[in-house]
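1. got a predicted model here, sequence first, then my questions.
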Amino acid sequence: MGEHPQALSFYEKALKINEKVLPEDHFELLSKYNNIGLVYEALGEYSKANFYCEKALKVKPKHVPLNHASLACFYNHLALIYGEMGEYSRALSFYETAIYIARKSLGLDHPNLAASYHNIAGIYYLIVEYSKALSFCKKAIETHQKSLPLNHLSLALFYNSIGLINANLGEYSEALSFYEKSLKTTLESFPEDHSSLAALYNNMDTIYDKLQEYSKALSFHERALEIHKKNLPLNHLSLAFSYNNIDLTYNNMCTYLEAI
């Protein structure tokens, strides 16, 4: 229901009761630590989320083998938190541990591995190591295609990420090609005005602006704006960005009254 403080209050009550009657390494404590960590993560309090996830991780190996698939999920979760905290080297280390365990327990072609490869690509993207980011995105796609349908929605996310990387490398035609793949895959699951498409339309209009194809850029700007109007309050900041993008395109087209 999104009532995170209320959820946190009840989880903490449950934990307090468990800690009074159970040993500190009891398996029952694991779910409490994990759930509290998830709530703090949802609240954006990453240091507290990390504290509880680390506590859970100390309990978990005592009850499951070190190569158990559930441990990979824990390491992925910790990596995600460290990434949000800006501790990218630690995030990479935990993602790599998660991948090692997942390979041992699930096999080389499991879709969970594709998600981990994509997460690593995200870290390399943030630290501006685009060639490594691109390599891991491609590994994510290759792994995903071995086990899931070619129109699976996760692929749309991976294609979009490759588009972003190529855009930052100045490879605009290549970026556009992957954005179009992402759009095609997304439209197989969602209607054209679905809220998730606004960001993709914005990515595409940026490329058309770079290529000086302003009428196409304007078309995608306007699609993104219409989606925002439909799904967001009229004073939402995303609308301001959309209006600004349209203004810049009109400016480039020398249609200054429209820009104003």
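-> Alright, I've got the coordinates. Residues are numbered from 1 along each chain as shown.
2. what's the first helix or strand after the helix or strand bottoming out on mean pLDDT in the chain?
-> Counting by mean pLDDT, DSSP states H and E, the weakest-scoring helix or strand in the chain turns out to be helix 69-84, with a mean of 84. Using DSSP states H and E, the helix or strand that follows helix 69-84 in sequence is helix 88-106.
3. just the CA atoms of that following helix, as CSV, please.
-> Extracted in CSV, the C-alpha atoms of helix 88-106 (Å, rounded to 0.1, in the frame of the first residue of the first chain):
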residue,chain,number,x,y,z
TYR,A,88,30.5,1.9,-6.9
SER,A,89,33.5,-0.3,-6.3
ARG,A,90,31.7,-2.1,-3.5
ALA,A,91,28.6,-2.4,-5.6
LEU,A,92,30.6,-4.0,-8.4
SER,A,93,32.2,-6.4,-5.9
PHE,A,94,28.9,-7.6,-4.6
TYR,A,95,27.4,-7.9,-8.1
GLU,A,96,30.4,-10.1,-9.1
THR,A,97,29.9,-12.3,-6.1
ALA,A,98,26.2,-12.6,-6.9
ILE,A,99,27.1,-13.7,-10.5
TYR,A,100,29.6,-16.2,-9.3
ILE,A,101,27.0,-17.9,-7.0
ALA,A,102,24.3,-17.7,-9.6
ARG,A,103,26.5,-19.4,-12.2
LYS,A,104,27.2,-22.2,-9.7
SER,A,105,23.6,-22.7,-8.5
LEU,A,106,21.5,-21.8,-11.5
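4. which residues touch it?
-> Residues outside helix 88-106 that contact it (CB atoms under 8 Å, 6 or more residues apart in numbering) are 66-69, 71-73, 75-76, 78-80, 82-83, 110, 112-113, 116-117, 119-120, 123, 126-127. Where you see a C-beta, it was placed from the backbone N, CA and C, and this is true even at glycine.
5. list buried residues within those.
-> Among the contacts of helix 88-106, those scoring as buried are 68-69, 71-73, 75-76, 78-80, 82-83, 110, 112-113, 116-117, 119-120, 123 (criterion: 16 or more other CB atoms under 10 Å).
6. separation between the spatially most central residue of the chain and residue 53?
-> For the chain, residue 119 is the residue whose C-alpha lies nearest the centre (CA atoms, centre = their mean; 7.3 Å). Distance of residue 119 to residue 53, computed by CB to CB, to the nearest Å: 15 Å.
7. same deal with residue 89?
-> 18 Å.
8. then residue 225?
-> 39 Å.
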